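K.L.:
would you be able to build a 3D model of this:
(one chain, ligands or ions: 1)
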Amino acid sequence: MSVRSLIAGNWKMNGLSGALDELDKLKRLMARGPAPRADIAVCPPATLLAAASRHLAGSGILTGGQDCHPDPSGAHTGDLSAPMLADAGAHFVIVGHSERRTDHGETDALVAAKARAGQGAGLVPIICVGETEAQRQAGAAGDVVTRQLAGSVPDGAMDGPGFVIAYEPVWAIGTGRTATTADIAAMHGLIRSLLVERFGGAGAGVQILYGGSMKPDNAAAILATPEVNGGLVGGASLLSESFHAIISAA
Ligand code: PEP
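P.N.:
Below is the predicted model of the structure:
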């Protein structure tokens, strides 16, 4: 089955209001070339989400949140709910990013609850999985990702707006190191087979993104790897030129 690609930028905790200029530049760069062959999204910090959604309205570039609380509302100071992200114009929500799993002790069960909450608000969750360097060196990468996938993708995830998987080896995030295309192909193949095993034929249509130091100079090779249906891009999504170069490689 041919799966349309998705290139999603994760700005993390970067960007004041001036960063919205990058979105205008991105729109201009994209308007100069042919229509992209991939879906495009930017996930700015929550403070910029509503403004980014307004800047990008009608451009075909979607927005997403970087996290959500599992509850729709309530006494959770500092948290944001999925309906709030949808209200700010988001289409996607990233859940289970390794930085949240590490910094905030998020478990697979919590990630699944967040994904379910995102879907309940009409958002498409981008569910992140990936092994640490120690786990890979111990030969446990496949087992770790298998366990994360089983625990972080909620039952019934195929209903409603669907979901996206991002395979992000933790040791490749923000380090300038990437997995080899052979290792990426092996892990994406494993993820695909697990999705098909659990969800039947529908699992063949789920977008599986690679994330971890994707840059303009390595994007084409990674994006051409079997079962890679796009990328979750951190650092290189902050500047419109480098993000556009990755979009062009898709
Ligand atoms: C990420 O944060 O999801 C990511 C892939 O970051 P980077 O591209 O900077 O490694």
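K.L.:
okay, CA-based contacts and neighbour counts for the rest of this
P.N.:
Will do.
K.L.:
surely A219 meets I246?
P.N.:
Yes. Using C-alpha atoms under 8 Å, A219 makes contact with I246 at a distance of 5.9 Å.
K.L.:
state which helix of this structure is the longest.
P.N.:
helix 181-199 (DSSP state H).
K.L.:
what helices or strands is that helix leaning on?
P.N.:
With contacts defined as 3 or more C-alpha pairs under 8 Å, 6 or more residues apart in numbering; DSSP states H and E, helix 181-199 has these neighbours: helix 141-152, strand 208-211, helix 216-223.
K.L.:
which residues touch the shortest one?
P.N.:
Just to be clear, that refers to strand 208-211. 6-7, 164-169, 172-173, 184, 188, 192, 222, 227-234 (C-alpha atoms under 8 Å, 6 or more residues apart in numbering).
K.L.:
could you look up the SS state of the residue at the greatest distance from the centre of the chain?
P.N.:
Most distant residue from the mean C-alpha position of the chain: A75, 27.6 Å away (C-alpha atoms, centre = their mean). Following DSSP: H, G, I helix; E, B strand; the rest coil, A75 is assigned to coil.
K.L.:
how much space between it and the ligand?
P.N.:
According to C-alpha to the nearest ligand atom, to the nearest Å, A75 and the ligand sit 28 Å apart.
K.L.:
enumerate the residues of the protein near the ligand.
P.N.:
Within the chain, the residues that sit near the ligand (C-alpha under 6 Å from any ligand atom) are N10, A172, I173, G174, G211, G212, S213, M214, L232, V233, G234, G235.
K.L.:
ok, 8 Å please
P.N.:
Residues of the chain lying close to the ligand (C-alpha under 8 Å from any ligand atom) are 9-12, 97, 99, 168, 172-176, 210-215, 231-237.
K.L.:
buried members of the residues you listed into PyMOL, please.
P.N.:
Selection of buried members from these for PyMOL, criterion 16 or more other C-alpha atoms under 10 Å:
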select buried, resi 9+10+11+12+97+168+172+173+174+210+211+212+213+214+215+231+232+233+234+235+236+237
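K.L.:
which of the residues of the chain next to the ligand fall within helices?
P.N.:
E99.
K.L.:
out of the residues of the chain next to the ligand, which are inside strands?
P.N.:
G9, N10, Y210, G211, G231, L232, V233 (DSSP state E).
K.L.:
for the first one, list the residues it contacts.
P.N.:
When you say that, I think you mean G9. So G9 contacts A41, V42, C43, P44, L232, V233, G234, A236, S237, L238, F243 (C-alpha under 8 Å, 6+ apart).
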